[in-house]
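Trainee: sequence unknown, structure follows:
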């Protein structure tokens, strides 16, 4: 990993998970990573072909010139890249591995910018791996970024990392271990991880709210981190 934001998110995720394959989603504290939040997102796995954004940081949305709410992450990729991302996302939730990729995004006018993305599994309280926390950060900051919509992108490098070199296992086998083991009592020093990255000019460290419908009521709600 090249960018301090992706490095800091991986270190935070590692500290929270301890000896478990993945931390629980409920253990993630936004205030601990507040300086990373503009480029952080959470995906929900609905099936093999659908990983929808539950939330996305304002910095990421502004860089692309679009909202990501309810979008399928796989809808951002085409052809072979779509196939590779499908395998990667399912490996992250299926075997509690970490995904890292570098990719290039392009505007309709042909302007290009490189990004680094990290994908890390999160578990439900019952241990099921149905969420991914990630970050996507531009590796350069061209003056035009945010003024023009990024309309297509392709993968330059992709890697699946096993943090502990543990054998790949089915998600069903990992779930009891995640649910059974208590989280580590390690929080000292974690806020300093986020402080490594300088805040960009005009950047606000918060996540964009995503509205969802409450079943059977039709009532709209807005939450930053949802179960």
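Mentor: Done, it's in. It should be emphasised that the depicted structure is a prediction, and the values quoted were computed from it without experimental measurement.
Trainee: Pick out the residue nearest the middle of the chain.
Mentor: residue 134 (1.6 Å; CA atoms, centre = their mean).
Trainee: Confirm that that residue sits in a strand.
Mentor: Yes. Residue 134: assigned to a strand according to DSSP: H, G, I helix; E, B strand; the rest coil.
Trainee: So which residues of the protein form helices?
Mentor: 4-17, 58-64, 79-95, 171-180, 190-194 (DSSP state H).
Trainee: how about stretch 64-76: buried residues?
Mentor: Neighbour counts over stretch 64-76 (16 or more other CB atoms under 10 Å) mark 64, 68, 69, 73, 74, 76 as buried. The way it works is simple: take the backbone N, C-alpha and C, and place the C-beta from them, glycine included.
Trainee: Below-threshold pLDDT in this protein: ranges please.
Mentor: Scanning the chain for pLDDT under 70 picks out 165-227.
Trainee: That one: strands as residue ranges?
Mentor: 40-47, 50-57, 98-107, 112-123, 129-138, 150-161, 207-208, 210-213, 220-223 (DSSP state E).
Trainee: what's the closest of those strands to residue 23?
Mentor: strand 112-123 (6.4 Å; CB to CB).
Trainee: Give the other helices and strands that the closest one contacts.
Mentor: helix 4-17, helix 79-95, strand 98-107, strand 129-138, strand 150-161, helix 171-180 (3 or more CB pairs under 8 Å, 6 or more residues apart in numbering; DSSP states H and E).
Trainee: Centre of the chain to the first one, how far?
Mentor: When you say that, I think you mean helix 4-17. 11 Å (CA atoms, centre = their mean, to the nearest Å).
Trainee: and if you look at the third one?
Mentor: Its chain's average C-alpha position is 12 Å from that of strand 98-107, according to CA atoms, centre = their mean.
Trainee: picking up where we left off before, adding distance to residue 17, write the strands of the chain out as CSV.
Mentor: Below are these laid out as CSV (distance: least, CB to CB, whole Å):
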stretch, distance to residue 17
strand 40-47, 16
strand 50-57, 19
strand 98-107, 11
strand 112-123, 9
strand 129-138, 11
strand 150-161, 14
strand 207-208, 21
strand 210-213, 25
strand 220-223, 23
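Trainee: of those strands, which approaches residue 144 most closely?
Mentor: strand 98-107 (7.7 Å).
Trainee: Can you give me the buried ones in the closest one?
Mentor: Quick answer for strand 98-107 (16+ other CB under 10 Å): 98, 99, 100, 101, 102, 103, 105, 107.
Trainee: re earlier: right, and the strands of the chain - which one's nearest residue 83?
Mentor: strand 150-161 (10.3 Å).
Trainee: which neighbours does that closest one have in its sheet, and in what orientation?
Mentor: Sheet pairing for strand 150-161, assigned by DSSP bridges, gives strand 98-107 (antiparallel).
Trainee: Pull the residues that contact the partner strand.
Mentor: 1-2, 6, 10, 64, 81, 88-89, 91-92, 112-121, 139, 144, 148-163 (CB atoms under 8 Å, 6 or more residues apart in numbering).
Trainee: If we use 6 Å, what do you get?
Mentor: 88, 92, 112-120, 148, 150, 152-161 (CB atoms under 6 Å, 6 or more residues apart in numbering).
Trainee: Selection in PyMOL covering whichever of these are buried, please.
Mentor: For the buried members of the contacts of strand 98-107, the matching PyMOL selection, counting by 16+ other CB under 10 Å, is:
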select buried, resi 88+92+113+115+116+117+118+119+120+150+153+155+158+160
